[in-house]
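> any chance you can model this:
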Amino acid sequence: ARVRFRIVMEGPNEFELSTLPADGISAIRFAPTSPSFLLSSSWDKSVRLHDVNNNTLRVQYHHSAAVLDCCFSDEVHGFSGGLDKFLKMFDFNTNVDTVLGAHQDAIRCVNHCPALGFLCTGSWDKTVKLWDIRGNRGAVGTLDQQEKVYTMDVSQEKVVVGTVWC
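Take a look at the predicted model:
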């Protein structure tokens, strides 16, 4: 089955990107200060940086299993996590990916907190981890949750976590 990936800009300017993943898209994020760049993660194990203005694929990197979420910290650094349990950082200028650490189960959510310079990951291992990405020091804190983390967002110093309560 062909995956449809549409970007809606202002008004009727809708188009399909020319470089689509081989499987379903799990997340898409615009760069923090530029709507020209879009990061996407996919069940095909890839993370892709798209140049929306030129409809081109700028760069692509991979995990060993499906990627469930991705985000930017700035225009040149992307982060991703998924079923392989690893949190990866990718430098778009050098084309180098670095494993920052891991959870005990799949990483479902990856969010950047610019106010603190941290990255937050939520996992099916029932934890939220805080990562200091400025010094590449790895996880600097772990917050236990009652259930698996399915969704999460960050605003200033606040983290909201969505789990399933039975």
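> where does the prediction get shaky in this structure?
Low-confidence regions of the chain, defined by pLDDT under 70, span residues 1-15, 136, 166.
> hmm, 90 instead?
Filtered on pLDDT under 90, the chain yields the residue ranges 1-24, 34-36, 52-55, 114-117, 132-138, 156-159, 164-166.
> helices of that one, start to end?
Remark: no helices are assigned in the chain by DSSP state H.
> nearest residue to the middle of it?
Centroid-nearest residue in the chain: residue 70, 0.7 Å away (criterion: CA atoms, centre = their mean).
> surely residue 79 touches residue 120?
No - under the criterion of CB atoms under 8 Å, residue 79 is not in contact with residue 120, lying 10.2 Å apart. Glycine gets a C-beta too; all of them are placed from N, C-alpha and C.
> give me the common contacts of those two.
110, 112 (CB atoms under 8 Å, 6 or more residues apart in numbering).
> tell me which residues touch the residue nearest to the centre of the chain, please.
27, 29, 39-41, 47, 78-80, 110.
> list just the nearest of the residues you listed to residue 135.
Closest approach to residue 135 among those (CB to CB): residue 79, at 15.2 Å.
> could you give the bridge partners of that closest one?
Assessed by DSSP bridges, residue 79 has beta-bridge partners residue 71, residue 89.
> burial of it, as a residue count?
Residues lying near residue 79 (other CB atoms under 10 Å) number 25.
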